[in-house]
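Trainee: How does the following fold in three dimensions:
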Amino acid sequence: MQYDMDTENKKQRVGTVRAQLRRLGLDGLILTKPENVTYLTGFAGEDSWAIVTRTALYLVTDSRYTEQAEKECVDTKIFQRPGAEPIAQAGGKFIRTLKGVKTLGVEKSISVGMYEVLKKNARVPLKPVAGIVEEPREIKDKSEASVIRTAASIAAKAFGEILQQIVPGITENELAGALDLEMRKLGAKNSFETIVAFGANGSRPHHRPTQRKLKARDAILIDFGARYQGYCSDITRSFAFGTPTSDYRAAYMVVQQAQAAAIAVAKPGVDLVEVDAAARAVIRDSGLPVYGHGTGHGIGLEIHENPFLKETAQGKLKAGQILTIEPGIYIPGKLGIRLEDDILITETGCEIVTSECPHVPILQR
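Mentor: Down below sits the predicted model:
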């Protein structure tokens, strides 16, 4: 199921992009990044580009997606390219048919090879640009926020179901697969490859599940998210299976305090680095190792998008942004603890979007 964009949202989004085009002196913009294509057109398929000019919006696709595009795209003209013709070549030829388009922007994320083919076939000046669509995407409208809340709710329900399946002998792979299946049963799918780490494997922030079996008194870290109607949630829960060690208990409490400190300062106008620093300070003061990754990142159509909470971040929080808060403590060969929740920046502070997903520091069997 795909997010159902209404006509008013569509007009507002396209209008914002056109204002940027006028500011930059461009007659149009070629969108090649799938998430940006979805944001402007509502199309959820693959291998398709969008072209927005000052008077029209086009989707360049092929016969595999034409029927889908006609159903999903609002106020969008669909151009079906020949199936055997590469999209950069077909898109370039199509651009030549557009009247009044003399200078086009093209997303910098396009590959060099595709850019050269497009340039050769379009025969109009191309200007690589970035951020024209990503910037408005940072601020979620009410309908987007609602879909992300649903994605978070689905992830939380799926997590609750698999807690009952955690028993000695289950492997990391089995538990990850069980969680993914529960999300699919609820009408979503995983928004990234689910991370399940037992014991010392938790010290690897992006550990990939293995055949490692759960043992008595093991620690468990699960990083997961549901993608619903194209939008993502992102949650991490860490807990002890059985009685935790004193080291684990102490580290867990510090991570919990670090996350709470970052959430407490998150509100519109606060510097991104201030939120990042609030979490790191708690861990640094405890004497435990400070994590090397960022404290959080925006979520939406992508699992990682602006803004990014890190030590070198620039900018301030804005109302309407939805982002993660995910500090951690990692001690190689010993333990890994990360707690991650999604928050919506409101006009006065923030709301925890993932509040339905419980923190269970100790799982007893």
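Trainee: which SSE is the closest residue to H207 other than its chain neighbours in?
Mentor: By the measure of CB to CB, 6 or more residues apart in numbering, the closest residue to H207 outside its immediate chain neighbours is A197, 4.3 Å from it. Where you see a C-beta, it was placed from the backbone N, CA and C, and this is true even at glycine. A197 is part of strand 195-198, with elements assigned from DSSP states H and E.
Trainee: Would you mind pulling the contact partners of that strand?
Mentor: 172-173, 175-176, 179, 204, 206-209, 212-215, 218-224, 236, 336 (CB atoms under 8 Å, 6 or more residues apart in numbering).
Trainee: Can you say which of these are buried?
Mentor: Neighbour-count burial (16 or more other CB atoms under 10 Å) applied to the contacts of strand 195-198 gives 172, 175-176, 179, 207, 209, 212, 214, 218-224, 236, 336.
Trainee: Take those and keep only those in helices.
Mentor: Using DSSP state H, the subset of these located in helices is 172, 175-176, 179.
Trainee: Where does the prediction get shaky in the chain?
Mentor: 1-5, 365 (pLDDT under 70).
Trainee: Find the centremost residue of it, please.
Mentor: Centroid-nearest residue in the chain: I303, 1.6 Å away (criterion: CA atoms, centre = their mean).
Trainee: Surely that one is in contact with F192?
Mentor: Yes. With contact defined as CB atoms under 8 Å, I303 counts as touching F192 (5.0 Å).
Trainee: Give the full set of residues in contact with Y330.
Mentor: Contacts of Y330 (CB under 8 Å, 6+ apart): 202-205, 289, 291, 336-337.
Trainee: try A130
Mentor: Going by CB under 8 Å, 6+ apart, A130 touches 107-109.
Trainee: And for K189?
Mentor: With CB under 8 Å, 6+ apart, K189 has these contacts: 180, 183, 226-227.
Trainee: Pairing partners for it in the sheet, please.
Mentor: Residues in a beta bridge with K189, per DSSP bridges, are R227.
Trainee: sorry, back to before: return the subset of the buried ones among the contacts of strand 195-198 lying in strands.
Mentor: Using DSSP state E, 219-224, 236, 336 are the members of the buried ones among the contacts of strand 195-198 that sit in strands.
Trainee: now the residues you listed in TSV, with distance to A151?
Mentor: As requested, these are exported to TSV (distance: CB to CB, whole Å):
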residue	distance to A151
A219	27
I220	23
L221	21
I222	16
D223	15
F224	11
T236	15
G336	25
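Trainee: Widest-spaced pair of those?
Mentor: Distance extremes for these: the farthest pair is A219 and F224 at 16.5 Å, using CB to CB.
Trainee: and V282, what does it touch?
Mentor: Counting by CB under 8 Å, 6+ apart, V282 makes contact with 254, 257-258, 261, 327.
Trainee: repeat for A56
Mentor: With contact set as CB under 8 Å, 6+ apart, A56 has these partners: K77.
Trainee: R137 versus that one, what's the distance?
Mentor: Between A56 and R137 the computed distance is 21 Å (CB to CB, to the nearest Å).
Trainee: now do A44
Mentor: Taken as CB to CB, the span from A44 to R137 is 15 Å.
Trainee: what's the neighbour count on the residue nearest to H207?
Mentor: As a burial measure, A197 scores 27 neighbours (other CB atoms under 10 Å).
Trainee: For it, name its beta-bridge partners.
Mentor: Beta-bridge partners of A197, as defined by DSSP bridges: L221.
Trainee: and if you look at I322?
Mentor: Applying DSSP bridges, one finds that I322 bridges with L344.
Trainee: how about it, what does it touch?
Mentor: Going by CB under 8 Å, 6+ apart, I322 touches 140, 145, 148, 298-300, 342-345, 353.
Trainee: do the same with D342
Mentor: The contact partners of D342, taken as CB under 8 Å, 6+ apart, are 148, 152, 233-235, 299, 322-324, 352-354.
Trainee: Alpha carbons only: can I get stretch 236-244 in CSV?
Mentor: Output of stretch 236-244 as CSV, limited to C-alpha atoms (Å, rounded to 0.1, in the frame of the first residue of the first chain):
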residue,chain,number,x,y,z
THR,A,236,16.1,0.1,18.8
ARG,A,237,15.6,-1.9,22.0
SER,A,238,18.3,-3.4,24.2
PHE,A,239,17.5,-5.8,27.1
ALA,A,240,18.9,-8.6,29.2
PHE,A,241,17.6,-12.1,28.8
GLY,A,242,17.4,-13.2,32.4
THR,A,243,19.3,-11.5,35.2
PRO,A,244,21.7,-8.9,33.8
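Trainee: What are the buried residues along it?
Mentor: Here stretch 236-244 shows 236-241, 244 as buried, counting by 16+ other CB under 10 Å.
Trainee: starting at the chain centroid, how far to it?
Mentor: 26 Å (CA atoms, centre = their mean, to the nearest Å).
Trainee: what do you get for stretch 86-106?
Mentor: The answer for stretch 86-106 is 30 Å, by CA atoms, centre = their mean.
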